[in-house]
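Structure of the sequence below:
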Amino acid sequence: VHGGRWISDLDSPSQMSGKKPNVDVAKALSHNFEPVPFAYTDKEVILYALGVGAAADPLDPSELKFVYENHEDFQVLPTFGVVVPNNVLNGLVGLPGLEFNPMMLLHGEQFMQVRGEIPTSGSLTSHAKVAGVYDKGKAALVVLDVITKDEAGKEVFFNQYSLFIRGLGGFGGDKGPAAPSYDAPRRPPDVVHREKTLDNQAALYRLSGDRNPLHIDSSMSAMGGFAKPILHGLCSFGYASRAVIRHFCGNDGRKFKSVRARFASPVYPGETLITEMWKVSPTQVIFRCKVAERGEYVLNNCVVEIAADPKDVAAAATAAAAPASPAAAPVAAPVSSGFAAEVIWEQLKKQANADLVKKVNATYRFDLSKDSIKRSWLLDLKNGSGSVQAVDESAQADCIITMSDEDFVKLMKGQLNPQNAFMKGQLKLKGNMMLAQKLQVLQQSLSSAAPATAPTAAPAAAVTPAVIPAAASGFAAESILELIKKQLNADLVKKINAIYRFDLTKSSAKGSWLLNLKSGSGSVESTNESAQADCIIIMSDDDFVKMMKGQLNPQSAFMKGQLKVKGNLMLSQKLQLLQQTVSKL
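Numbering: from 1, shown residues only. Predicted coordinates for the structure are as follows:
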């Protein structure tokens, strides 16, 4: 089965013999298909996502949630819903009331709707029925409805396949209703997404269930009239749907409700897909997809239903209620817009100096939003003594940071961790992503400028808890570090070749230890937060102990913010060697 072209150019048996097609609509409509089970784990979820191009850029954190099972927001790409009932199509062969050559089958259109929460693993069951058989002259159109349910009987997906069977038309049946039309608007697309498929994309996608040799075996594709194996139509469908999710759902698959697409032409693995998108309402995006190399549309008459953005709904309601006026479209907010960020900018203006410029040496554009208002600022820490000014979204910068006004303020006050914000989609980056790491310099600049609070009557004591000496701290980590100390040797030093500083917390206490696995036979000693190290690990005493005992996965801890890393991030991966050392004891 492939969308957009007849699988074979052979005449059908009915045409060759001149016989009237053997079609019994009533018998086909009354047929009861066997339920089709589908059990899966996160492996199948990830394999499908990779099969439709997710995480092609391994440094794009917004795609990680679809391919990394330990991600705090790990989720299923919603179009996974089309592979779950894939084996239902096997039931069409030998279907009572329809006698046909499977080589004559064409996948014309696909509609897929998400009806419930999609589990990242589990067992689902698909129930199919023929919803219609229509006479299209040279072909019969078979409409197959499939409902997929979870183990509790709740609906998760609904799929509708529109399948053409060449040579089976002319049986005198109903022509059927006109297909819904979703033509592209007569204006430039709101968004154009360009993405190259892999040369072995079909070989990868077929592992999600469609093992048709047409997509892998050149001798079979030649029989179908193709120069080489072609890409699965539903793979192109997945690519285009991902583009809509990325640009109109904030890359959150849970906001994706349904998709309908018509297959127009095949794609060859390695070709570049260009998806053109128009948002025509708060909940509807029309799109079409073409191959860049040939300029040929491969998907058309396509539409996605998405969850309405509350901001769009509010804006539409405001526009509907507002009296007619000559006012132009909203522009960037004036200085009196009420953005809390303005206070931060004023502080940074006062703190900007040649020394800060030397440390940062970059220009940043911050695109902030508050309700339906957007505003941009350019922070120049590359020239002179630095400057801050309001700009529009076209201003050039080395690094562009997009976030809400509220999150920006929290970030600059040190109340929001930049890494966590980035992983959760609260902070988006364009340009030189590495420059975002220098935000810490700005945070420190603001904290050093924070006004002192008025003194209050209090017992004479240190305001900030001092680092408690390790020997007297009562940290559970002490026992772990003592175990490591006994196991230190030149071989372990050779394997790791790094110096770590562990900054641990327990209630209001802080303790730091330096683990030298770079010199001699290694050493462990209590230290302070100024000690130099190749890699600095920050976490709670309790989590450190769990991690070293193998009860807490370092990657998972990092993703959840339980483990923070400074310095050489790659060295943190060698913690596994320390875990193994401890677990042997």
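
now the helices for the stretch 1-150 of the chain?
13-17, 25-30, 42-51 (DSSP state H, counting those that start in this stretch).

Looking at the protein, which strand is longest?
Ranked by residue count under DSSP state E, the longest strand found in the chain is strand 122-135.

Going along the chain, name the helices of the stretch 201-350 of the chain.
For the stretch 201-350 of the chain, applying DSSP H, counting those that start in this stretch gives helices covering 201-205, 218-223, 233-248, 310-321, 341-351.

In the first one, which of the residues would be classed as buried?
Which is helix 201-205. By neighbour count with 16 or more other Cβ atoms under 10 Å, helix 201-205 contains the buried residues Gln201, Ala202, Leu204, Tyr205. C-beta: built from backbone N, CA, C; applies to glycine.

Quick one: list the elements packing against it.
helix 42-51, helix 233-248 (3 or more Cβ pairs under 8 Å, 6 or more residues apart in numbering; DSSP states H and E).

Tell me which residue is most central in this protein.
Glu63 (3.3 Å; Cα atoms, centre = their mean).

wait, what's in contact with that residue?
Contact analysis of Glu63 by Cβ atoms under 8 Å, 6 or more residues apart in numbering lists Ala54, Ala55, Ala56, Asp57, Asn251.

for the third one, phi and psi?
The reference is to Ala56. Note on Ala56: backbone dihedrals following degrees, to the nearest 10 are phi -60, psi -30.

Just give the number of residues close to it.
Ala56 is flanked by 13 other residues according to other Cβ atoms under 10 Å.

repeat for the second one
The number of residues packed around Ala55, counting by other Cβ under 10 Å, is 18.

got a list of what it touches?
Ala49, Glu63, Leu64, Phe66, Val67.

separation between the third one and Glu117?
By that I understand Leu64. Using Cβ to Cβ, to the nearest Å, Leu64 is found at 21 Å from Glu117.

Asp145 versus the closest residue to Gly172 other than its chain neighbours, what's the distance?
Closest residue to Gly172 apart from its sequence neighbours, by Cβ to Cβ, 6 or more residues apart in numbering: Asp135 at 6.5 Å. Separation of Asp135 from Asp145 (Cβ to Cβ): 19 Å.

Between those two, tell me which one has more neighbours.
Legend: neighbour count by other Cβ under 10 Å for Asp135 and Asp145, higher for Asp135 (20 against 15).

do you know how far the more buried one is from Pro78?
As judged by Cβ to Cβ, Asp135 and Pro78 stand 34 Å apart.

Same check on Gly474?
For Gly474, the distance to Pro78 - Cβ to Cβ - is 49 Å.

And the two? Which one has more around it.
Just comparing Gly474 and Pro78: by other Cβ under 10 Å the higher neighbour count belongs to Pro78, 25 against 13.

I'd say that one and Asp252 touch.
No. Counting by Cβ atoms under 8 Å, Asp252 is not a contact partner of Pro78; they are 10.1 Å apart.

anything in contact with each of these two?
With Cβ under 8 Å, 6+ apart as the test, Pro78 and Asp252 both reach Ile245.

picking that back up, which of the helices of the stretch 1-150 of the chain is buried the deepest?
helix 42-51 (a mean of 21; mean count of other Cβ atoms under 10 Å).

that older thread, okay, the helices of the stretch 1-150 of the chain in CSV with mean pLDDT and distance to Ala178 next?
Below are the helices of the stretch 1-150 of the chain laid out as CSV (pLDDT from 0 to 100; distance: least, Cβ to Cβ, whole Å):
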stretch, mean pLDDT, distance to Ala178
helix 13-17, 41, 26
helix 25-30, 96, 19
helix 42-51, 98, 33
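
Nearest to Ala128 among these would be which one?
helix 25-30 (11.9 Å; Cβ to Cβ).

Summarise which helices and strands that closest one is packed against.
If you count contacts as 3+ Cβ pairs under 8 Å, 6+ apart, helix 25-30 packs onto strand 122-135.

Buried by neighbour count: which residues of the strand it packs on qualify?
Neighbour counts over strand 122-135 (16+ other Cβ under 10 Å) mark Leu124, Thr125, Ser126, His127, Ala128, Val130, Gly132, Val133, Tyr134, Asp135 as buried.

Partner strands of it and their direction?
Strand pairing for strand 122-135, determined by DSSP bridges: strand 36-40 (antiparallel), strand 139-149 (antiparallel).

who wins for proximity to Ala498 among the ones you listed?
Checking these against Ala498 by Cβ to Cβ gives strand 36-40 as the closest, at 39.4 Å.

Next, the angle from the closest one to helix 42-51.
Orientation check (axes from the mean of the first three to the mean of the last three Cα atoms, to 10 degrees): strand 36-40 against helix 42-51 gives 90 degrees.

Can you give me the buried ones in strand 36-40?
The neighbour-count check on strand 36-40 (16+ other Cβ under 10 Å) flags Val36, Phe38, Tyr40 as buried.

which one of those residues is nearest Gln443?
Closest to Gln443, out of all of the buried residues of strand 36-40 and judged by Cβ to Cβ, is Tyr40, at 43.0 Å.

So that closest one is in contact with Asp150, correct?
No. At 11.8 Å, Tyr40 does not count as touching Asp150 under the criterion of Cβ under 8 Å.

about what we covered before: farthest pair within the contacts of Glu63?
Ala56 and Asn251, at 13.7 Å, using Cβ to Cβ across these.

how close does Leu124 get to Ile118?
In terms of Cβ to Cβ, Leu124 sits 9 Å off from Ile118.

So for the two, which residues contact both of them?
Common neighbours of Leu124 and Ile118 (Cβ under 8 Å, 6+ apart) are Val156, Phe157.
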